[in-house]
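A.B. asks: Sharing a model that was predicted from the sequence below.
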Amino acid sequence: MSNQATLHTISNNGYKATIANLGAELKSLVNTSTSEEYIWPGEASVWKGSAPVLFPIVGRLKNGEYHHHGNHYQLPKHGFARNSLFELATDKKMRKVFYLNHHLKHFSNIHLNLSFKCFLA
């Protein structure tokens, strides 16, 4: 897998979508008949995101941490998926599947394995 963020497109007779492998984020959805864009363009002065995948939480935890079975864990605001590079598992004209398979210790002190897929069609 490349450590570089890349863009991928899917399309049909009416729409074209652009998805980044960084966070499996939908960057653009355009009506090909009218050229109308439906997704926020990600203006850095306001908010650089467009349609992020928020996983495993939405929002923030009190002090950015939680406790489970006597253990202390940290988790960033909106989780870690939006800042992770996903692998492209399925690459077809009208369907993309992005796959995140990491050991969670990479993101915090959680010691679990994780597989997470985003299907876009």
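C.D. replies: Noted; the coordinates are in hand.

A.B. asks: contacts for the lowest-mean-pLDDT helix or strand in the chain?
C.D. replies: Within the chain, no helix or strand scores below strand 113-120, which has a mean of 74 by mean pLDDT, DSSP states H and E. By C-beta atoms under 8 Å, 6 or more residues apart in numbering, the surrounding residues in contact with strand 113-120 are 10, 17, 19, 24, 26, 53, 55, 81, 86, 89, 95-104. Using the backbone N, CA and C atoms, a C-beta is placed for each residue, glycine as well.

A.B. asks: Repeat that for stretch 44-62.
C.D. replies: Contacts with stretch 44-62, where a contact means C-beta under 8 Å, 6+ apart, come from 23-28, 39-42, 75, 77-82, 116, 118.

A.B. asks: Do me a favour and average the pLDDT over that stretch.
C.D. replies: For stretch 44-62, mean pLDDT rounds to 89.

A.B. asks: go on, stretch 7-15?
C.D. replies: Summarised as a single mean, pLDDT over stretch 7-15 is 94.

A.B. asks: Determine how far the last residue of that stretch lies from the first.
C.D. replies: This stretch, stretch 7-15, spans 16 Å end to end (C-alpha to C-alpha, to the nearest Å).

A.B. asks: Also stretch 21-39?
C.D. replies: Using C-alpha to C-alpha, first and last residues of stretch 21-39 are 17 Å apart.
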